[in-house]
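Q: Fold the following for me, if possible:
(2 chains)
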Amino acid sequence: SQQGEEDPQALSIQEGENATMNCSYKTSINNLQWYRQNSGRGLVHLILIRSNEREKHSGRLRVTLDTSKKSSSLLITASRAADTASYFCATVGTSDSWGKLQFGAGTQVVVTP
Amino acid sequence: NAGVTQTPKFRVLKTGQSMTLLCAQDMNHEYMYWYRQDPGMGLRLIHYSVGEGTTAKGEVPDGYNVSRLKKQNFLLGLESAAPSQTSVYFCASSDTPNTEAFFGQGTRLTVV
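A: Numbers count the residues shown, from 1 in each chain, chains lettered A, B, ... in the order given. Below is the predicted model of the structure:
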């Protein structure tokens, strides 16, 4: 089974609104990463948050991490039509799972003008 | 920089045929990964490598083999293709697991 699970599976919003998606994972992690995938393309890295960090910002992106709940959230503020894509969380484990980069099933986001 | 390049981009195989997917990176990265992406399943890790000459199994390794003879290349082999291996395959590389991974553009494989 996959390490991460995103929620919701799909999200439809209007331009200017905020989009929030969540990721839950199962085992201890070293870091958690968020990626974006436009239709038919490869994945592009958005942000990385380490296990000892609680919040991180990058432009319009805000990521939080709660290791006690094994969960993370990605917030996209003031969304644009160009933000339409699938968003994936990925985790890097510790000890035996060090080096393994495992992804969740993703959240499909549609931003309408 | 080319980044991560996957060859080929598209392929149709008959059941039982074999093929090798090539992933090449020019960033001198230690870590390389092979994933498959199926609708609604996200990316599932097939095999990965933590350095030249090393390979390790991921979540769904059965039916695939890999080799990392050169640091810049990570090969994914299908010895006897099955329709269940119809998927989009992605390769990725990273300097360390604490840094971002760079992805290739994918290989769309259909097994008939």
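
Q: For the residue minimising distance to the centre of chain B, identify the helix or strand it belongs to.
A: The C-alpha lying nearest the average C-alpha coordinate of chain B belongs to residue B:34 (CA atoms, centre = their mean; 3.1 Å). Element membership for residue B:34, per DSSP states H and E: strand B:31-38.

Q: Neighbouring strands - and their directions - for that strand?
A: Paired with strand B:31-38 in the same sheet, following DSSP bridges, are strand B:42-49 (antiparallel), strand B:87-94 (antiparallel).

Q: what's the closest of those strands to residue A:52?
A: strand B:87-94 (19.7 Å; CB to CB). Yep, even glycine has a C-beta here, placed from its N, CA and C like the rest.

Q: next one: the helix or strand following that closest one to chain centre, how far?
A: Toward the C-terminal end, the helix or strand that comes next after strand B:87-94 (DSSP H and E) is strand B:102-103. Relative to the centre of its chain, strand B:102-103 is centred 11 Å away, using CA atoms, centre = their mean, to the nearest Å.

Q: what does stretch B:50-57 give?
A: Its chain's C-alpha centre and that of stretch B:50-57 lie 13 Å apart, by CA atoms, centre = their mean.

Q: Give the buried residues for that stretch.
A: When burial is assessed from 16 or more other CB atoms under 10 Å in any protein chain shown, stretch B:50-57 yields the following buried residues: B:50, B:55.

Q: now stretch A:28-43
A: Applying a neighbour-count criterion of 16+ other CB under 10 Å, one finds A:29-37, A:42-43 buried in stretch A:28-43.

Q: And for stretch A:81-94?
A: Residues of stretch A:81-94 classed as buried: A:83-93 (neighbour count, 16+ other CB under 10 Å).

Q: Please apply the same query to stretch A:58-67.
A: Buried residues in stretch A:58-67, counted by 16+ other CB under 10 Å: A:61-63, A:65.

Q: if we look at that stretch, which residues are touching it?
A: Residues from elsewhere that reach stretch A:58-67 (CB atoms under 8 Å, 6 or more residues apart in numbering or on different chains): A:29, A:32, A:34, A:46-47, A:49, A:51, A:53-57, A:71-79.

Q: out of those, which are inside strands?
A: Of the positions in the contacts of stretch A:58-67, A:29, A:32, A:34, A:46-47, A:49, A:55-57, A:71-76 sit in strands, assigned by DSSP state E.

Q: Filter the contacts of stretch A:58-67 down to the buried ones.
A: The neighbour count (16+ other CB under 10 Å) marks A:29, A:32, A:34, A:46-47, A:49, A:56, A:71-74, A:76, A:79 as buried among those.

Q: As a markdown table, these with distance to residue A:23 and pLDDT would be great.
A: A markdown table is the format used below for the buried ones among the contacts of stretch A:58-67 (distance: CB to CB, whole Å; pLDDT from 0 to 100):
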| residue | distance to residue A:23 | pLDDT |
| --- | --- | --- |
| A:29 | 11 | 93 |
| A:32 | 7 | 96 |
| A:34 | 8 | 97 |
| A:46 | 12 | 97 |
| A:47 | 12 | 97 |
| A:49 | 11 | 97 |
| A:56 | 14 | 98 |
| A:71 | 7 | 96 |
| A:72 | 5 | 97 |
| A:73 | 7 | 97 |
| A:74 | 7 | 98 |
| A:76 | 14 | 98 |
| A:79 | 18 | 97 |
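
Q: looking at it, residue A:102 is touching residue B:45, isn't it?
A: Yes: counting by CB atoms under 8 Å, residue B:45 is a contact partner of residue A:102 at 5.5 Å.
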